[in-house]
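>>> All I have is the shape, not the residue letters:
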């Protein structure tokens with residue numbers, strides 16, 4: 001197995017991060033991403049559209065299922081607890097390491113979807129790997145619909161205790177207990193301040 005070490009991470013500029021680029025032929029109406037209606041509540045009094053107009057747009061264009069890019073857009077702006085950069089800029093979160101099962105093309109309605117996110121810590125002995133994984137899990141739990149199941153893992157070979165950290169973040173009881181700790185909750189809230 002090849003050893004993964006990101007001890008001197010290449011800091012990516014925000015313009016270098018993966019993004020959804022679309023050719024827009026007509027002025028776009030609605031949210032900039034498919035996740036905005038999950039993250040932000042709809043406020044028809046601000047945008048001036050009625051619910052009938054919203055229903056007509058959704059009926060005409062259909063609702064696109066969330067894909068790996070949408071998940072990446074949710075978690076890449078989380079700030080690193082030790083660096084003044086985001087997880088996307090440090091390549092802790094990478095688009096090819098996000099998988100959805102079943103894939104968006106084969107999904108229908110409110111079917112159960114498993115989101116798997118593999119994280120690559122900046123160093124193999126990163127002391128904040130558990131906190132980072134917990135922040136990613138917490139962010140996704142707060143923003144995704146209830147039919148999405150989460151599997152946040154540390155990429156094999158990228159951390160000296162990758163299996164232990166993965167087990168901790170996968171244990172719902174440990175996660176719930178950790179979120180009751182005020183100090184840890186303050187750290188997570190600070191990390192998520194960069195998420196819009």
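Arrived safely, thanks for sending. Just so it is clear, the structure is predicted and the values come from calculations on it, not from any experiment. Numbering: from 1, shown residues only.

>>> Residue 120 is in contact with residue 91, correct?
Yes: contact status for residue 91 versus residue 120: in contact at 6.5 Å, counting by Cβ atoms under 8 Å. (Glycine included, C-beta is placed from N, CA and C.)

>>> neighbour count winner among those two?
Higher neighbour count among residue 91 and residue 120: residue 120, with 23 against 18, using other Cβ atoms under 10 Å.

>>> distance of the more buried one from residue 132?
Computed as Cβ to Cβ, to the nearest Å, the residue 120 to residue 132 distance reads 10 Å.

>>> tell me, what's touching these two both at once?
residue 92 (Cβ atoms under 8 Å, 6 or more residues apart in numbering).

>>> what's the lengthiest helix in the chain packed up against?
In the chain, taking DSSP state H as the definition, the longest helix is helix 129-143. Here helix 129-143 touches helix 68-75, strand 113-119, strand 148-154, helix 162-170, helix 172-179, helix 182-191, going by 3 or more Cβ pairs under 8 Å, 6 or more residues apart in numbering; DSSP states H and E.

>>> For that helix, list every residue counted as buried.
For helix 129-143, the neighbour count (16 or more other Cβ atoms under 10 Å) marks 129-140, 143 as buried.

>>> Give the closest residue to residue 174 in space, chain neighbours not counted.
Ranked by Cβ to Cβ, 6 or more residues apart in numbering and with sequence neighbours excluded, the top spatial neighbour of residue 174 is residue 168, at 5.5 Å.

>>> Nearest the geometric middle of this protein, what residue?
residue 75 (3.0 Å; Cα atoms, centre = their mean).

>>> And that residue, what's its pLDDT?
For residue 75, the pLDDT comes out at 95.

>>> thought it was touching residue 87?
Yes: look at residue 75 against residue 87 with Cβ under 8 Å: they come within range, at 6.6 Å.

>>> which neighbours do the two share?
In contact with both residue 75 and residue 87: 93, 136, using Cβ under 8 Å, 6+ apart.

>>> For the residue nearest to residue 174, give me its contacts.
Here residue 168 is in contact with 130, 133, 174 (criterion: Cβ under 8 Å, 6+ apart).

>>> what residues are up against residue 18?
Residue 18 touches 69, 72, 95, counting by Cβ under 8 Å, 6+ apart.

>>> Regarding it, what is its secondary structure?
coil (DSSP: H, G, I helix; E, B strand; the rest coil).

>>> just residue 193 next, same as before
Secondary structure for residue 193, judged by three-state DSSP, is helix.

>>> Next one: residue 147 from residue 91, what distance?
Taking Cβ to Cβ, one finds residue 147 at 30 Å from residue 91.

>>> and this structure, what are its domains?
33-64, 65-194 (automatic domain parsing).

>>> Pipe those domains into a markdown table and attach distance to residue 17 per row.
Formatted as a markdown table, these follow (distance: least, Cβ to Cβ, whole Å):
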| stretch | distance to residue 17 |
| --- | --- |
| domain 33-64 | 14 |
| domain 65-194 | 5 |
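
>>> Return the distance of residue 194 relative to residue 174.
Applying Cβ to Cβ to residue 194 and residue 174 gives a distance of 25 Å.
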